[in-house]
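Peer 1: Can you look at this prediction? I've put the sequence above it.
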Amino acid sequence: MPDRRHFIGTSLLASLGLANMNFTFQDTNPKAIKPAALKKGDTIGLVCPAYSAFIKEDVQIAVESLEVLGFKVKKGEHMFDRYGYLAGTDKDRAADINKMFADKNVNGIMAMHGGWGCARILPLLDYKIIERNPKVFIGYSDITALLLGIYAKTGLVTFHGPVGGSSWNNFSVENFKNMLIEGNAVQMVNPVKKGDNLVQTEDRIYTINTGKATGRLIGGNLTVLSHILGSPYVPDFKGSILFLEDVGEDVYRMDRMITQLKIAGILDQLAGFVFGKCTDCPPSKGGYGSLTMEDIFEDHIKPLKIPAFSGSMIGHIKDKFTVPVGAEATIDAEKGTITLTEPAVIK
């Protein structure tokens, strides 16, 4: 995966000190449109909305992986195009997505990978076609711009999950199937694996504030989200559960971006908060006594007094959840679980 870096209720409750409560806010987002569940024999449209598919073998591995899952694959017309680091011009990359949504023979759309470039095509997508042809749209990292933009403009539930170039291991596949094929009201729970240790040392849950919260899941990659704030492609956060992840960012940059969410008034609108993984995000180099991610959570999230935790299997990691953007869920910050209140797809 390319490294992008080198790419009110709540405030009142907080002031009253009402932590550890179940928070439910009135949903002001448009009524969610659910796509149809995927099934064996369906066709997945594989597109490159950001970086070009530089290595054809990687695409072939993705195609074969999807075929093992029982799908047919249709590759975007421009996925091997080159315009610098992009898979062709903005117009052509957007056209691939518009055509996949319009194609009655395509049942779901998956990004091959991220990188940078999705925000550039947001104004070029045909949201009327997308709204009239709801189907599974999935990816993560830079694809966050499209996940949020499509949901904000149409109400279509999108999915923060594997891309074609992901590791299609058992954990990720089972979560993908449970969510999108079996159509269950999924509960996302971190794996328990102690190995030879007395206690679990990997994929632990860090509870910032205890309690449960219910709201629509909205989020994705923090860097991408922070770069589209103020645009018409960002959903209403009021009463939502914000989930975030990132990769290759120094802690001071994470601090800067979460501060941006704070002073933009977004954090004060939340019912709950989940942070996944910040992969390769070490304490800032060259800074004596750098802050840690735990410090950032203590400074910006804990004072909100809403249920919040970090460590969820969301991000630039091999074992990943498939998380629906726009679907309602309940989080338990002490157990570190995310439970859908109903399926995110129509079976």
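Peer 2: Perfect, I can see it now.
Peer 1: Next secondary structure after the longest strand anywhere in the chain?
Peer 2: Longest strand in the chain by number of residues, with DSSP state E as the criterion: strand 212-221. Next along the chain after strand 212-221, taking DSSP states H and E as the criterion, comes helix 222-228.
Peer 1: could I get the longest strand of the chain in CSV with only the CA atoms?
Peer 2: What follows is the C-alpha trace of strand 212-221 in CSV, where atoms were taken according to Å, rounded to 0.1, in the frame of the first residue of the first chain:
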residue,chain,number,x,y,z
LYS,A,212,-22.1,2.3,25.4
ALA,A,213,-23.2,4.5,22.5
THR,A,214,-25.4,4.1,19.5
GLY,A,215,-25.2,6.1,16.3
ARG,A,216,-24.3,5.9,12.7
LEU,A,217,-20.7,4.8,11.9
ILE,A,218,-18.9,7.6,10.0
GLY,A,219,-15.2,7.8,9.5
GLY,A,220,-12.2,6.2,7.9
ASN,A,221,-8.6,7.5,7.3
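Peer 1: What ranges does the stretch 151-300 of the chain have for its helices?
Peer 2: Secondary structure of the stretch 151-300 of the chain by DSSP state H, counting those that start in this stretch: the helices cover 170-180, 222-228, 251-263, 293-300.
Peer 1: Present those as TSV; the columns should include distance to P49 and mean neighbour count.
Peer 2: C-betas here are computed from N, CA, C, even on glycine. Formatted as TSV, the entries for the helices of the stretch 151-300 of the chain read as follows, by distance: least, CB to CB, whole Å; neighbours: other CB atoms under 10 Å:
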stretch	distance to P49	mean neighbour count
helix 170-180	19	18
helix 222-228	12	22
helix 251-263	22	17
helix 293-300	29	16
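Peer 1: Please identify which of those helices is closest to A50.
Peer 2: Among the helices of the stretch 151-300 of the chain, the nearest to A50 by CB to CB is helix 222-228 (10.1 Å).
Peer 1: Can you lay out the helices of the stretch 151-300 of the chain as JSON lines showing mean pLDDT and distance to Y127?
Peer 2: Output for these, formatted as JSON lines (pLDDT from 0 to 100; distance: least, CB to CB, whole Å):
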{"stretch": "helix 170-180", "mean pLDDT": "97", "distance to Y127": "22"}
{"stretch": "helix 222-228", "mean pLDDT": "97", "distance to Y127": "15"}
{"stretch": "helix 251-263", "mean pLDDT": "96", "distance to Y127": "25"}
{"stretch": "helix 293-300", "mean pLDDT": "96", "distance to Y127": "33"}
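Peer 1: looking at the ones you listed, which is closest to G311?
Peer 2: When the helices of the stretch 151-300 of the chain are ranked by proximity to G311, the top entry is helix 293-300, at 10.2 Å, counting by CB to CB.
Peer 1: quick revisit: which helices and strands sit right next to the longest strand of the chain?
Peer 2: Helices and strands in packing contact with strand 212-221 are listed as strand 23-24, helix 144-154, strand 241-247, strand 272-279, strand 323-325, strand 328-332; criterion 3 or more CB pairs under 8 Å, 6 or more residues apart in numbering; DSSP states H and E.
Peer 1: which stretch among the helices of the stretch 151-300 of the chain comes nearest K128?
Peer 2: helix 222-228 (20.8 Å).
Peer 1: Surely M293 touches K277?
Peer 2: No - under the criterion of CB atoms under 8 Å, M293 makes no contact with K277, lying 10.0 Å away.
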